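Asks: my questions concern the predicted model and sequence given below.
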Amino acid sequence: MKFAIASATILYSFSSAAASDACQDLSAAYPNDIPSVSYQGDEYVFTRQKYNSVCIDSHGQQFEYGTIIGEYPPIDTAGSGCSAACVNGVSVDVAKGCKKRPPSNRLVGFQYDCERATCKCLYEAGTLSNQYERCFDDMNLSNQGNGQVYGTKPQQGETCYSLNIQVLTPPGADYCTDAPDYSCYSNGRPSCCNQPGGSNNCPANKPACDVPIPPPPGPPGPPGANYCTYAPDYSCYSSGRPSCCNQPGGSNNCPASEPPCDLPTPPGPPGKTQTGFESYRQDMTPSMKGSASGVRSVPKNGFQNYRQGMTTSMKGAMKGPGVRPITYIAKERGGSKFYADRQKKATTTATAPKKKFYLRND
């Protein structure tokens, strides 16, 4: 056992010394052309930023990270280095008890320390938790960086690499890239599409909808049970009934009180215009109407034709002394009671003795 530990110590010391020598050349220790990593249908492309720097977001905040120790240069070999370790994990993950890695779509880049052969896999704030502690040698959850890498901050010994995730599957190639359908799926697409790895987690056949389908409306009640079962009224509603009655669920969608008509109310018939004696007769007292009982119906064209309906005795009275023209009577007084009074006055005047007048010589 002591021999094994001593051998491991010697090997680590040798590797550290070799790494230290390799780190002297910055362009070799921190190469710009990092091979992209394919993972669950996406392409992860890393780009070197400034030497001796750490990554920050648009607000100047650093990102939380999980540390992986033992990534020696060169880190630009396909299938190795920090890029592969942060996306796919390392071979000892299972042995360490790492059963699930953090969501890959929350990864924003990494920082590499060549001297210490250490990768810091950077994530948006709130991604890492205790459930991922066996996937890393160390974790720092105190940083609050969010979004993508926006810039860098100087720090000796580390170099920032930003990440750009490119979707390899073109839209429409599978149902996870179809246009969202919120009438069928609560998130627009099957839930498996929203998990890390996307469509790689999904079955070949599109899953069934997860949005409950409303039950079909039940049979309508007997006519008259509610206003949705009344006989159609096309003079009030364009479809015969309130629009809510025609929706799925019928009267369940409707208010307790019947909604107002959705058709404009047609204008009513124009009011009757009354002219001449017709309007006057409506205002006559009972005694006036009694005096006019012998008069025929008054034509609608006014009092000018009223004389046609007079009795013979009334016409005779109208020829007596002191009777003014009928047009004046119509204008000033009008009405049958006036004619009855004039008839009586005319008879009295005709029979009364005439008075004589004398001049006094005082």
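Replies: That came through fine. For clarity, every value in this text was computed on a predicted model and none was experimentally measured. Numbering: from 1, shown residues only.
Asks: from here on, contacts and neighbour counts on C-alpha atoms
Replies: Noted.
Asks: so, low pLDDT: which residues of the stretch 201-350 of the chain?
Replies: 214-225, 266-350 (pLDDT under 70).
Asks: one more time with 80
Replies: Scanning the stretch 201-350 of the chain for pLDDT under 80 picks out the ranges 201, 204, 212-226, 248-253, 265-350.
Asks: who does the spatially closest residue to T67 that is not a sequence neighbour form a beta bridge with?
Replies: Of all residues not flanking T67 in the chain, K120 sits nearest, at 4.6 Å (Cα to Cα, 6 or more residues apart in numbering). Taking DSSP bridges as the rule, K120 bridges to T67, Q111.
Asks: and K120, what pLDDT?
Replies: What the model reports as pLDDT for K120 is 97.
Asks: next, count neighbours for it.
Replies: 26 (other Cα atoms under 10 Å).
Asks: can you give me every residue that contacts it?
Replies: 65-68, 110-112 (Cα atoms under 8 Å, 6 or more residues apart in numbering).
Asks: redo the residues you listed as CSV? Include neighbour count and distance to N187.
Replies: Below are the contacts of K120 laid out as CSV (neighbours: other Cα atoms under 10 Å; distance: Cα to Cα, whole Å):
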residue, neighbour count, distance to N187
Y65, 27, 29
G66, 22, 30
T67, 21, 33
I68, 22, 34
F110, 29, 30
Q111, 25, 34
Y112, 30, 37
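Asks: looking at the residues you listed, spot the one nearest Q144.
Replies: Closest approach between the contacts of K120 and Q144, by Cα to Cα: Y65, at 10.4 Å.
Asks: quick revisit: relative to L163, how far out is the residue nearest to T67?
Replies: 13 Å (Cα to Cα, to the nearest Å).
Asks: likewise P190?
Replies: From P190 to L163 the distance is 27 Å (Cα to Cα).
Asks: neighbour count: those two, which is higher?
Replies: Neighbour tally, P190 and L163, criterion other Cα under 10 Å: the higher count belongs to P190, 22 against 19.
Asks: for that one, give its distance to Y175.
Replies: 8 Å.
Asks: okay, and A85 sits in which element?
Replies: helix 81-88 (DSSP states H and E).
Asks: from the contact counts, what lies against that helix?
Replies: strand 37-39, strand 107-113, strand 118-123 (3 or more Cα pairs under 8 Å, 6 or more residues apart in numbering; DSSP states H and E).
Asks: show me what it is in contact with.
Replies: 34, 36-37, 39, 46, 68, 71-75, 90, 104, 107, 110, 112, 119, 121.
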